[in-house]
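J.: What shape does this take:
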Amino acid sequence: MREPELAWLRPTLRSFRQMLDDDRFPHAVMITGPEGVGKSNLARDLAALLLCNAGEAQPCDRCQACVLFNAGNHPDFYEIAPLEDKNSLGIEQIRALSADLNLTAGLGARRVAIIQPADLMTRAAANSLLKTLEEPPRGTVLVLVTARPARLPATVRSRCQLTRQPSPSAELALAWLKEQDADVDWRTLLRLAGGAPLKALAMNGDGLGDLDSTLARDVWTLVSGSRSPLTVAENWKKAGAGRCLEWLHGSVLAMARSRAVSVDLSSDLQKAGENINLDRLLAYADGLAKARALLETPANELLVLESALIPWTRGLDSDSNLQQAVTL
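T.: Modelled structure (predicted):
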C-alpha cells in the first residue's frame, strides 16, 4: 500500500520514469539516503510505477494493478522486512522470496520486491540474495532500501544501481511538517533530525521537541561543572535513555554542521560547543552512534549514559569513556 505522496520525491521518481521510457531500467535498485527522508515511500512509489499498466509519469491509481496495489493485494508485489520478533532478515525469508520470484507473474509482465532495511540481512541471507541478483528471473525488479549501504557486502552493492534520496530543502520540509501540525516548533525538530522531515515527525511523537531546552541545559551544566555526569545520566534514564541519546546525537551533528552553514542552536548548546573543533565533534558523534546501538543490547543504560556524558566535562578532548562504554 502506498503512503501519501511526498513532494520532494518527485525528481527521483521522474528519473525512474525516464529509465523506464528508455527501456534501461535495471533489475535491481538500491535506494539510500539519511534516515527519515522517505526512502520507504519512494520504494513503494517506484513499485507502483513499475506495476501500473497505464505507462504514465506517475501510477494512475485507476488500472487493475494500481487498485490491487493500493489495497495491498497485488499478486506480483513482495515486501520483505524483519519478522516482528527479530532484528535481522534471515536466509529463510530470502529463500522464500527467491522461490516466489521464479513463479510466473500473476497479473502483468513484472514482479517487484522491496527488501528493507536491506542492511539487516544476515551474511547468509545476503549470499542467498546474491544468486537472484546474478541471475534474476525475467521481469523481476528488486528494490533494496537502506540508510547504511556500507553494511551490505560489496558483491550485493555492485549488482544494484545506487539511487541516493537526499533530504529536501528546509523550506520544503518545514512546509510539509506544518501541514501535519501547525502548532509545533518544527525548526528545532528538523535541526535535530538533520533535515529529515519524517524523522522530525517521529521525534515530535517521542516528545523530543519538548525536551530540547531541558537537555541542552543539562549539557551546559556538564560543561560548566555545576552538575555531575551521573546526576544528569540518572535524569536522562528517567526521561528515556534512547530518546535522550538520539537528541544528543542529533544536536552534536547540528553543532558540526554549524561550522559550515548557519544552524539554529539553543543558547545553551551554542555555549557548550563554541570551543570544540569539528574533528572532536565528529569523533564524539561516531561514539554516540555506537552507544545508541548498545542500548539495544542488555547493556547497563545508566553506565552507557554516564559514559556518553563524561566527555563534556573535558570539552570532548577525549572520548575514551564513551568508547569504553561502547565496547562493554
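J.: If we ignore the residues flanking it in sequence, what's nearest residue 181?
T.: In this structure, residue 181 finds its nearest non-sequential neighbour in residue 204, 7.4 Å apart by CB to CB, 6 or more residues apart in numbering. (C-beta placed from N, C-alpha, C; glycine too.)
J.: which residues does that neighbour contact?
T.: Applying CB atoms under 8 Å, 6 or more residues apart in numbering to residue 204 gives the contacts 181, 184, 186, 189.
J.: Can you tell me the element residue 3 falls in?
T.: Residue 3 is part of no helix or strand when elements are defined by DSSP states H and E.
J.: Against residue 265, how distant is it?
T.: Separation of residue 3 from residue 265 (CB to CB, to the nearest Å) stands at 32 Å.
J.: follow-up on the earlier one: of the contacts of residue 204, grab the buried ones for PyMOL.
T.: Typed into PyMOL, the next command selects the buried ones out of the contacts of residue 204 (criterion: 16 or more other CB atoms under 10 Å):
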select buried, resi 184+186+189
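J.: for the contacts of residue 204, which one is nearest residue 251?
T.: Nearest to residue 251 among the contacts of residue 204 is residue 189, at 11.6 Å by CB to CB.
J.: wait, isn't the closest one in contact with residue 208?
T.: Yes. The criterion here is CB atoms under 8 Å, and residue 189 meets it with residue 208 at 6.7 Å.
J.: joint contacts of those two?
T.: Counting by CB under 8 Å, 6+ apart, nothing touches both residue 189 and residue 208.
J.: So which residue is smack in the middle of the chain?
T.: residue 35 (2.1 Å; CA atoms, centre = their mean).
J.: Verify the stated contact: that residue with residue 200.
T.: No. Using CB under 8 Å, residue 35 is not in contact with residue 200; the gap is 10.9 Å.
J.: Tell me the helices and strands packed up against the helix or strand hosting residue 239.
T.: Using DSSP H and E, residue 239 sits in helix 229-257. In terms of contacts (3 or more CB pairs under 8 Å, 6 or more residues apart in numbering; DSSP states H and E), helix 229-257 is packed against helix 186-192, helix 197-205, helix 208-224, helix 267-273, helix 278-294, helix 301-309.
J.: Which one of the ones you listed lies nearest to residue 261?
T.: helix 186-192 (11.3 Å).
J.: Just the CA coordinates for the closest one, please, in PDB.
T.: What follows is helix 186-192, C-alpha atoms only, in PDB (Å, rounded to 0.1, in the frame of the first residue of the first chain):
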ATOM      1  CA  TRP A 186       9.400  22.200  13.600                       C
ATOM      2  CA  ARG A 187      12.600  24.200  13.100                       C
ATOM      3  CA  THR A 188      14.100  22.700  16.300                       C
ATOM      4  CA  LEU A 189      13.000  19.200  15.500                       C
ATOM      5  CA  LEU A 190      14.200  19.500  11.900                       C
ATOM      6  CA  ARG A 191      17.600  20.600  13.100                       C
ATOM      7  CA  LEU A 192      17.700  17.600  15.500                       C
END
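J.: Mind listing what's buried along it?
T.: 186, 188, 189, 190, 191, 192.
J.: Next: stretch 143-156.
T.: Applying 16+ other CB under 10 Å to stretch 143-156 flags 143, 144, 145, 146, 147, 149, 152, 156 as buried.
J.: what's in contact with that stretch?
T.: Residues contacting stretch 143-156 (CB under 8 Å, 6+ apart): 28-35, 39-40, 43, 46-47, 112-119, 121, 123, 126-127, 129-130, 133, 157, 160, 162.
J.: Tell me which of these fall in strands.
T.: 28, 29, 30, 31, 32, 112, 113, 114, 115, 162 (DSSP state E).
J.: Now do the contacts for the third one.
T.: Contacts were defined as CB under 8 Å, 6+ apart; by that measure residue 30 touches 118, 144, 145, 146, 149, 152, 157, 160, 161, 162, 163.
J.: Show the pLDDT at the residue lying farthest from the centre of the chain.
T.: Centroid-distance maximum for the chain: residue 226 at 35.9 Å, with CA atoms, centre = their mean. Predicted confidence (pLDDT) for residue 226: 94.
J.: Could you do residue 248 as well?
T.: Looking at residue 248, its pLDDT is 94.
J.: what's the burial count for it?
T.: 25 (other CB atoms under 10 Å).
J.: And it, how close does it get to residue 276?
T.: 14 Å.
J.: mind listing what's buried in stretch 256-265?
T.: So for stretch 256-265, counting by 16+ other CB under 10 Å, buried means 256, 257, 258, 263, 265.
J.: surely the first one meets residue 282?
T.: Yes. Applying CB under 8 Å as the test, residue 256 and residue 282 come out as touching, 5.8 Å apart.
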